[in-house]
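Asker: What shape does this take:
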Amino acid sequence: MGQINIEDIKRLKTLTGVGLTDAKAALTESDGDFDKALEAMRKKGLTKAEKKGEREAREGLVDTYVHSGRIGVVVEVNCETDFVARTDDFQAFVHDVAMHVAAANPEYVSVDQIPAEDRDAKSAEFTEKAKAEGKPEAMLANIVEGMLKKHFAEKCLLDQPFIKNPDQTVGDLLKENIAKLGENMVIRRFARIELGQVTD
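Answerer: Alright, predicted model coming up:
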């Protein structure tokens, strides 16, 4: 059996927001393998996060981020209570979201926000492209759906790889923070202004 030390237990507690007893149990189950224990705890946390996602989030924070005087971002992230909104962890998360928006330039928060006309226009474009490439007619719908998913994943904030850790998406980071802070959280909206760029 792997060695379990108190430092690992404390580190796991800090990263996942669980109690010492739960952190120790997770390490025991994983034979002292810290990464495996963290993964198991995150999965459990994400399950809890899904349930919390049904609760109302009306408190929160509006934060801004300006990069080199050329890119400005305003984001609104909601949580359930003013208590959580004032925590360092929540404020750091909101600021990370603002920095990410500045760097990655998403167009929508999630796929639910994509207007039907944008999706239909892209669908028609990808259908023509697939036909021109000689893709089999029977496979067209699946091919186009795959192309749409990839195209919009790059434009939706929650589906983008997080700039500070590309191994997780912004959506994963959101769920991780929901699990850690124990409240439903919603990235409500954002606005991004880039110097010299005119939008419609």
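Asker: hey, let's count contacts and neighbours off CA atoms from now on
Answerer: Will do.
Asker: separation between the residue lying farthest from the centre of the chain and Val97?
Answerer: In the chain, the residue that sits farthest from the middle, by CA atoms, centre = their mean, is Gly134; the gap is 36.3 Å. Using CA to CA, to the nearest Å, Gly134 is found at 41 Å from Val97.
Asker: Helix or strand: which one has the residue farthest from the centre of the chain?
Answerer: Per DSSP states H and E, Gly134 falls between elements, in no helix or strand.
Asker: if I pick it, what's in contact with it?
Answerer: Gly134 makes no contacts at all, as judged by CA atoms under 8 Å, 6 or more residues apart in numbering.
Asker: mind running it again at 10 Å?
Answerer: Contact analysis of Gly134 by CA atoms under 10 Å, 6 or more residues apart in numbering lists 128, 140.
Asker: Ok, Lys10 next?
Answerer: With CA under 10 Å, 6+ apart, Lys10 has these contacts: 18-20, 23-24.
Asker: Enumerate the strands of this structure by residue range, in sequence order.
Answerer: Counting by DSSP state E, the chain has these strands, from start to end: 59-67, 71-79, 161-162, 165-169, 186-194.
Asker: buried ones in the last one?
Answerer: Burial within strand 186-194, assessed by neighbour count using 16 or more other CA atoms under 10 Å, is assigned to 186-187, 190-194.
Asker: Output the lowest mean pLDDT helix or strand found in the chain.
Answerer: Lowest by mean pLDDT, DSSP states H and E among the helices and strands of the chain is helix 34-52, with a mean of 69.
Asker: pLDDT score for Val111?
Answerer: Per-residue pLDDT puts Val111 at 87.
Asker: didn't it look like it was pressed against Lys155?
Answerer: Yes. Counting by CA atoms under 10 Å, Val111 touches Lys155, with 8.9 Å between them.
Asker: If anything else comes up later, I'll come back, but that's it for now.
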